[in-house]
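Undergrad: Whatever this is, show me its structure:
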Amino acid sequence: MRVLAELVGPAVPVVVDGADEVWARADQSCERTANHSWKFALSGALSFNTYFGSFPIWKWREETTLKNLSLLVSGKGQFDIQIDGWTAWGERSLVARAEVLLLGDTPRRIDLPPIEKIDNSISYLVVRLFCNDVQGEVVRLQYATADSPANQLRLGVSITTFNRQQYLIRNLKSVTTALAQRPDIADDVEITVVDNGKNVELPAEVEGKVRLVPNANLGGAGGFARGLMMYRKEGRVSHVLFMDDDVTICPESIFRAMAFLSFAKDRNACIAGAMFEEERPSVQFELGAQWRPFEVNPFMGLQRGLHLDNWRALRESEDLDRSISYGAWWFYMFPVNVISDLPLPVFVRGDDVTFGLRGAGTSTTTLHGVGVWHQAFMYKNGPFHYFLEARNLPLVSLLATDSYKARHLLKRTMHFGLRFLFLMRYNTAEAFMAGTEEFMKGPKHWLQIDHPERLQYARQFTGESVAVLGPEWDRFTLPPMETRRVGTVSSELEKTADPFLVRLKNTVRKSGRAKKWLYFAALGGHLIPKSISKLPTRTVGSEDMLPWGNFCRETVVYRWRATGEGYVVERDRQRFFKLFARLLRLCFAITMKAPSVIKEYRTAYPDLTSAEYWNRQFQKETV
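TA: Predicted coordinates:
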């Protein structure tokens, strides 16, 4: 029997605190043991109507060659086992049922009807266990099949790391330990860690099971390029898994993705793993993504905010399944030769997008039960990363479609340049403009970039990212969600007696459009003298990109609602006008030069993603 998904077993730990209910729902007569088995008292009940516990039969039916399905269960005691079928709209029906006596490690097999006989309206299978003994224990519970796979799969895991030893070592221990419990696939997985920091020391538990490759700090793009090139050259693996170093992975996600691709009808099928929020473990951040090249913010993550502990939301999420443009490299499994290109040398931010858009994305799918937990991106959204986005994302968009023109770049530059300036986030505005200016230097400059040197340059753009604030800012807190608009400019203008602000109040009352025109005419308040810019300090969410409320304020506190961390900005009129003039010059340069620069980038793409280019980068570290 070939295992497709394991619900209970030594290889299925709950790896994140607070994530128990995304695995199983137990009553008070059941408890999970340290060995990851489940113990039952009499009449104890355990259900797997969860994200990791349910079996998405609709996905297997449509996209794989699977025809037969069984349930394997081992443990001790008398159990009533039911397998229910659920539709997306909440109807439940019994698919199979058996009363079994478990006598130890030898699994009992429960055969389900052939998949073609199961009603096509059923989207998910859910196992329910009821203990009919005084005491019982389920040690292992697996979906399995006697079918032969359509594809022989051997996986090469490639992890790029830079100073993330805590996450990295924990994941390596977890995966290698789980592989030892899965002898059926242990020989089909090899792991390579590309160490961009050259400082990883592997613990004794994983030595001999993981290959460590020291590398220059060429970013995620350079690390993944090196791992992929090694696997292609050696020719041992059929598929590669790109995985970030700052995630928490349950090994079962890897094993399920392998099982799915081994039965996939499309031999070029790829799997994009979901990302869950580390701070809120039962909330999904993204399940695949689409790329909208003509939008100022082209990222469009799918199924964001889905609560994994909400069974109804999980069922209905099938209806939200959309075409996927690419899969992020926190977890992306693909055939080693699905695309001949290597990653685009953008360090980070955009390499995974281009890889999908240029070929791999056409066969990318997702699978419930495959994903990782990741620290919130709010910790990364600072000036440094906006520099990289401003430099990289126009390149990604122009490679995604020939319809991307200079006017789209101009629109994005004006949008974010003005917005960051009006938000008084001057460091971010400067970083964004510097990144756009570097993009405008063209592919000849890019081909000659010293990536570690440019990294150091980009890291000069600091501040304006969430961190612990000093006690002097404790009294500036975010209002409750339901009253977030209390304290806006309009409400506070009502309280003022200042003659200038009284006239401003009357203008605001007349028209929201007039308010915006006034705001722009005053350059976000930077033309208002400090002597009459008297509104009190404002506190807003760190993700807030609407600048209107900053009008007539000298100080704004940005806080992240999840943790209360944040940063403080203050109005600086002199710096504003200096950066505003720089933005105007940049927009003029885009108007005049961008059409030819865009054409040059498209011509240079094969050179930018060639093995020759990357080999030159790898050789620099030995010179």
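Undergrad: Can you get me a residue count around Val189?
TA: 23 (other Cβ atoms under 10 Å). Every residue, glycine included, has its C-beta placed from N, CA and C.
Undergrad: Identify the bridge partners of it.
TA: Val189 forms beta bridges with Leu155, as assigned by DSSP bridges.
Undergrad: Relative to Phe224, how far out is it?
TA: Going from Val189 to Phe224 by Cβ to Cβ, to the nearest Å gives 18 Å.
Undergrad: same deal with Met258?
TA: Met258 is 19 Å from Phe224, by Cβ to Cβ.
Undergrad: between those two, who's got more neighbours?
TA: Regarding Met258 and Phe224, a neighbour count based on other Cβ under 10 Å identifies Phe224 as having more, with 26 against 22.
Undergrad: what's the weakest-modelled helix or strand in the protein?
TA: The weakest-scoring helix or strand in the chain, judged by mean pLDDT, DSSP states H and E, is helix 489-493 (a mean of 43).
Undergrad: those strands in the stretch 101-250 of the chain, which residues are they?
TA: Under the criterion DSSP state E, counting those that start in this stretch, strands of the stretch 101-250 of the chain are mapped to 122-131, 135-145, 155-161, 189-195, 210-214, 239-243, 247-249.
Undergrad: Compare those strands and report which one is nearest to Ala45.
TA: Ala45 lies closest to strand 122-131 among the strands of the stretch 101-250 of the chain, at 5.3 Å (Cβ to Cβ).
Undergrad: Now do the top helix by length along the chain: distance to the chain's middle.
TA: Secondary structure of the chain per DSSP state H: the longest helix is helix 573-608. For helix 573-608, the distance from its own C-alpha centre to the chain's C-alpha centre is 29 Å (Cα atoms, centre = their mean, to the nearest Å).
Undergrad: Can you tell me which helices and strands the next helix or strand after it packs against?
TA: Later in the chain than helix 573-608, the nearest helix or strand by DSSP states H and E is helix 611-620. With contacts defined as 3 or more Cβ pairs under 8 Å, 6 or more residues apart in numbering; DSSP states H and E, helix 611-620 has these neighbours: helix 219-234.
Undergrad: what about the stretch 51-200 of the chain, any weak spots by pLDDT?
TA: Of all residues in the stretch 51-200 of the chain, none has pLDDT under 70.
Undergrad: What are the boundaries of the helices in it?
TA: With DSSP state H, counting those that start in this stretch as the criterion, the stretch 51-200 of the chain has helices at 57-63, 165-180.
Undergrad: Distance to Val134 added to these, as JSON lines?
TA: Formatted as JSON lines, the helices of the stretch 51-200 of the chain follow (distance: least, Cβ to Cβ, whole Å):
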{"stretch": "helix 57-63", "distance to Val134": "34"}
{"stretch": "helix 165-180", "distance to Val134": "32"}
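Undergrad: Could you dump those into TSV and include distance to Ala24 and mean neighbour count?
TA: TSV is the format used below for these (distance: least, Cβ to Cβ, whole Å; neighbours: other Cβ atoms under 10 Å):
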stretch	distance to Ala24	mean neighbour count
helix 57-63	19	18
helix 165-180	18	18
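Undergrad: so which of those gets nearest Trp614?
TA: Trp614 lies closest to helix 165-180 among those, at 22.6 Å (Cβ to Cβ).
Undergrad: tell me what that closest one is packed against?
TA: strand 155-161, strand 189-195, strand 247-249, helix 251-262.
Undergrad: Please render the ones you listed as JSON lines that adds distance to Asn120 to the earlier fields.
TA: Formatted as JSON lines, the helices and strands packed on helix 165-180 follow (distance: least, Cβ to Cβ, whole Å):
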{"stretch": "strand 155-161", "distance to Asn120": "31"}
{"stretch": "strand 189-195", "distance to Asn120": "34"}
{"stretch": "strand 247-249", "distance to Asn120": "33"}
{"stretch": "helix 251-262", "distance to Asn120": "19"}
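Undergrad: For Arg419, find the nearest of these.
TA: The nearest among the helices and strands packed on helix 165-180, by Cβ to Cβ, is strand 247-249 at 30.4 Å.
Undergrad: If you count contacts, what does the closest one end up packed against?
TA: Counting by 3+ Cβ pairs under 8 Å, 6+ apart, strand 247-249 packs on helix 165-180, strand 371-374.
Undergrad: what's the following helix or strand after the last one?
TA: Put plainly, it is strand 371-374. Downstream of strand 371-374, the next assigned helix or strand under DSSP H and E is helix 383-400.
Undergrad: ok, then the element right after that following helix?
TA: helix 406-422.
Undergrad: If we go by neighbour counts, what in that next one is buried?
TA: Using 16 or more other Cβ atoms under 10 Å as the test for burial, helix 406-422 gives 406, 408-410, 412-414, 416-422.
Undergrad: what do you get for stretch 1-13?
TA: Quick answer for stretch 1-13 (16+ other Cβ under 10 Å): Arg2, Val3, Leu4, Ala5, Glu6, Leu7, Val8, Gly9, Pro10, Ala11, Val12, Pro13.
Undergrad: And for the fourth one, nearest residue in space, chain neighbours not counted?
TA: To tie it back to what came earlier, the one meant is Ala5. Tyr143 (4.5 Å; Cβ to Cβ, 6 or more residues apart in numbering).
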